[in-house]
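Asker: I'd like to go over a predicted model; first the sequence, then the structure.
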Amino acid sequence: IRQLAWVHDWHVREETYTAALTRIIDAHRALPLASAWGDGTTSSSDGQFYKAGGRGAGTGDVNARHGNEPGVSFYTHVSDQYGPFHTKVIAASASEAPHVLDGLLYHQTGLAIEEHYTDTGGVTDHVFGLCHLLGFRFAPRIRDLKDRRLYLFPGDDAPSSLKPLVGGEIDLEHLAVHWSELLRLAASIRSGTVTASAMLRRLAAYPRQNGLALALRELGRVERTIFTLDWLRDPALRQRANAGLNKGEARNALARAIFFNRLGEMRDRSFENQSYRASGLNLLVAAIILWNTRYLQAALDHLAANGTDMKSDLIRHVAPLGWEHIGLTGDYVWGADPLPENGLRPLRRPISILAA
């Protein structure tokens, strides 16, 4: 207990959480089984609401999903290999869209994300435009997509089937005038001079006549129009997005099961302690995913050694998110017995059902 208290006092801070999460995600990414779920180039992000304990000042903030119930959201990015590589605390009533790029840019893992999925809450034209400038393909699952307008270049004409969806033309002249400013904005965000979330919040708050905000909106309209057409004609894109978001939802179920302390409520009032709570929860989720993946790999190796070779199209449907075998409550006994040479405990019993 004294050692745990010493670790808490001297080593619990955001940079140590980030370093520990980086090592776990990279260790998980290196396991052979992780490649069966994805190649680490796609990801999704979503917010998970946690109710605040007691009565708080947030009761006056109302949003469509949670009403005036006080609480916060943990906004988490999850790779296609199930690794939760970034998390942060945001207000429950805040828009998720400004925070989409933070996880893609500021994680310290070896993941090279190329395509990213969100639900409707993470979608704005500014996010579409900035993702394009920073080299990410933004592929959100948008609710009521048929009601979103398409935008054409001046002089272009849409097919008759798409004309009801056209909302106007792109202002190319305004985009050309402010193009150098857009490139400077992207360079500043990429270099870390300013965070993407801070810049997107500021641009969204600017008056409508602000030149840079309008230029980024016009670029976003171009990207959103191209994406909408791809979404309508490409079933594989829709399947990838749905699969990516489902992985994030499954990870949220594991996080909810683990977050049982203090009756599953957020009792911390300071943003610093809330951030520690979110980072600690995400670190524990990542550790369980790594543990499950290593032992799933051991089970598959055992099957292969006994003549039963699982097909890859079946393995990719086995997720490392189970927690029934984990003692979430009760007494914790730290055994002193050394582990075997491979570092893993022996499997509880041979799996003979599939081999039969």
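Answerer: All right, it came through fine.
Asker: When you work out contacts or count neighbours from here on, use the C-alpha atoms and nothing else.
Answerer: Noted.
Asker: can you pull out the strands in the stretch 1-150 of the chain?
Answerer: For the stretch 1-150 of the chain, the strands defined by DSSP state E, counting those that start in this stretch cover 42-51, 71-79, 84-91, 115-117, 137-138, 150-152.
Asker: Which strands and helices lie in contact with the shortest one?
Answerer: Secondary-structure packing of strand 137-138 (3 or more Cα pairs under 8 Å, 6 or more residues apart in numbering; DSSP states H and E): strand 115-117, helix 125-134.
Asker: Then the longest one?
Answerer: Counting contacts by 3+ Cα pairs under 8 Å, 6+ apart, strand 42-51 packs against strand 71-79, strand 115-117, helix 235-258.
Asker: now these in TSV, with mean neighbour count and distance to residue 95?
Answerer: Shown next, in TSV, are the helices and strands packed on strand 42-51 (neighbours: other Cα atoms under 10 Å; distance: least, Cα to Cα, whole Å):
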stretch	mean neighbour count	distance to residue 95
strand 71-79	24	11
strand 115-117	25	16
helix 235-258	17	18
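Asker: The residue nearest in space to the middle of the chain and residue 225, how far apart?
Answerer: Geometric centre of the chain, nearest residue: residue 77, 1.7 Å, by Cα atoms, centre = their mean. Going from residue 77 to residue 225 by Cα to Cα, to the nearest Å gives 25 Å.
Asker: Tell me, how many residues neighbour residue 297?
Answerer: When neighbours are counted by other Cα atoms under 10 Å, residue 297 registers 16.
Asker: and if you look at residue 336?
Answerer: 6.
Asker: Where does it sit, in terms of helix or strand?
Answerer: For residue 336, there is no helix or strand it lies in under DSSP states H and E.
Asker: Can you check what pLDDT the model gives it?
Answerer: Residue 336 is assigned 72 on the pLDDT scale.
Asker: Got the phi and psi for residue 234?
Answerer: phi -120, psi 100 (degrees, to the nearest 10).
Asker: any idea how far it lies from residue 341?
Answerer: Per Cα to Cα, residue 234 is found 49 Å from residue 341.
Asker: Those two: which is more packed in?
Answerer: Ranked by neighbour count (other Cα under 10 Å), residue 234 and residue 341 place residue 234 first, with 11 against 7.
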